[in-house]
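Participant: Next come a sequence and a model predicted from it.
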Amino acid sequence: MSTVPIAVFTDLDGTLLNHHDYSYAQALPAIEKLKAREIPLVLVSSKTQAEMSELCAELALTSPYVCENGSLIVMPRVECQRLSATLEGAETKDDDYLIYRGANRDDIVEILAALKQQFSFTGFADMSVQDVVDCTGLSEQAAVNAMTRSASEPLLWHQDEADLNEFAQQLRKHNLRVLKGGRFYHVMAACDKGDAVRYLLSLYESYYGARVVSIALGDSPNDLQMLKAADHPVLMPHPDGTYMHDDGLENVIRAPFEGARGWREGVEAALARLI
Ligand SMILES: [Mg+2]
């Protein structure tokens, strides 16, 4: 393994996965490099557990992963044993420990239903599987997995920014917030990817008995807290070549390309600073 303990945290859509075809193929050489150095690669996404568990299996990752923008952390039992971690309040399901940090999705959907009288938006709860296929380009099975949510609700917003601010104010009364992702806004509790990253870093630091140097990659505002929580944030460009506003991020690396190809170069540039 590398001499300094390192952990890599990454967003998926538009970051590890291409925006248009969801491919990660061009990132594989960098993923192999991380595995060879025993550097954990932690996927951190607005995606659901159903979506992310498939991807972890495809990539043969045993590290924990963070679903629904930080609302749920999934820790494979085998990794929990390796880290000798004690997970307060975790539920067990099959071979995983689940750590819920957010609100219940049914409660969120109920609150949103009441807000429909005042605001115009379309949530996943209002959409058929075909609607989700049409607006994401996902396969039918992938759309079903995306709709199997436990702690957040994605929605398409049909009004302007001022109305969105008013909507956010209404949500705050219910201890909920709205976060901007790539395609959707996400309504969820007041937790985020940054909280989840700090939680997992503390587990790794206990295991290594040393400070863990963190690399994080993301492209959208819902990644900002994760990028801020990392020592080496990598900002991914959008398909049009622009980057999101970095809000004063320090030490930032700007990946030269969007999606998997840029991810590979971003990871390599961050590792070059450390190894
Ligand atoms: Mg993204």
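Facilitator: Good, I have the coordinates. Numbering: from 1, shown residues only.
Participant: how close does L112 get to the ion?
Facilitator: 23 Å (Cβ to the ion, to the nearest Å). Heads up, the C-betas are built off the backbone N, CA and C, glycines and all.
Participant: would that residue count as being in a strand?
Facilitator: No. L112 is assigned helix when assessed by DSSP: H, G, I helix; E, B strand; the rest coil, not a strand.
Participant: Look up how far L164 lies from it.
Facilitator: 14 Å (Cβ to Cβ, to the nearest Å).
Participant: So for those two, which residue has more residues nearby?
Facilitator: Neighbours were counted for L112 and for L164 using other Cβ atoms under 10 Å; L112 has more, 21 against 16.
Participant: Surely the more buried one touches V187?
Facilitator: Yes. Between L112 and V187 there is a contact under Cβ atoms under 8 Å: 6.4 Å.
Participant: which neighbours do those two share?
Facilitator: In terms of Cβ atoms under 8 Å, 6 or more residues apart in numbering, L112 and V187 are both contacted by the residues 123, 153, 155.
Participant: JSON lines for those residues, including secondary structure and pLDDT?
Facilitator: Conversion of those to JSON lines gives the following (DSSP: H, G, I helix; E, B strand; the rest coil; pLDDT from 0 to 100):
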{"residue": "G123", "secondary structure": "strand", "pLDDT": "97"}
{"residue": "E153", "secondary structure": "strand", "pLDDT": "96"}
{"residue": "L155", "secondary structure": "strand", "pLDDT": "97"}
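Participant: Closest one of those to the ion?
Facilitator: Using Cβ to the ion, L155 comes nearest to the ion of the shared contacts of L112 and V187, at 16.5 Å.
Participant: pretty sure the closest one contacts S120?
Facilitator: No. Using Cβ under 8 Å as the test, L155 is too far from S120 to be in contact (10.3 Å).
Participant: Up against the ion, what does this protein have?
Facilitator: Contact residues, the chain versus the ion (Cβ under 5 Å from the ion): 11, 13-14, 182, 219-220.
Participant: now those residues: which count as buried?
Facilitator: The neighbour count (16 or more other Cβ atoms under 10 Å) marks 11, 13-14, 182, 219-220 as buried among the residues of the chain next to the ion.
Participant: can I see the domain layout of the protein?
Facilitator: 6-101+193-274, 105-189 (automatic domain parsing).
Participant: okay, the ones you listed, which one's buried deepest?
Facilitator: domain 6-101+193-274 (a mean of 19; mean count of other Cβ atoms under 10 Å).
Participant: what's the closest of the shared contacts of L112 and V187 to E140?
Facilitator: G123 (19.3 Å; Cβ to Cβ).
Participant: Just give the closest residue to that closest one, not the sequence neighbours.
Facilitator: Nearest non-adjacent residue to G123, counting by Cβ to Cβ, 6 or more residues apart in numbering: L155, 4.1 Å away.
Participant: who's the one you found bridged to?
Facilitator: Counting by DSSP bridges, L155 forms beta bridges with G123, Y185.
Participant: mind listing what it touches?
Facilitator: 112, 121-124, 184-187.
Participant: Adding distance to A143, write these out as a markdown table.
Facilitator: Below are the contacts of L155 laid out as a markdown table (distance: Cβ to Cβ, whole Å):
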| residue | distance to A143 |
| --- | --- |
| L112 | 20 |
| F121 | 19 |
| T122 | 15 |
| G123 | 14 |
| F124 | 10 |
| F184 | 13 |
| Y185 | 18 |
| H186 | 17 |
| V187 | 19 |
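Participant: Considering those, which is situated nearest to V252?
Facilitator: H186 (23.6 Å).
Participant: Could you tell me what pLDDT the model assigned to the nearest residue to that closest one once chain neighbours are set aside?
Facilitator: Leaving aside its chain neighbours, H186 sits nearest to L179 (4.8 Å; criterion: Cβ to Cβ, 6+ apart). Here the pLDDT value assigned to L179 is 89.
Participant: ok so L179 is a helix residue?
Facilitator: No. According to three-state DSSP, the state of L179 is strand, so it is not within a helix.
Participant: you'd agree it is up against N222?
Facilitator: Yes. Using Cβ under 8 Å, L179 makes contact with N222 at a distance of 4.5 Å.
Participant: okay, and the common contacts of those two?
Facilitator: Between them, L179 and N222 share the contacting residues 46, 69, 186, 192, judged by Cβ under 8 Å, 6+ apart.
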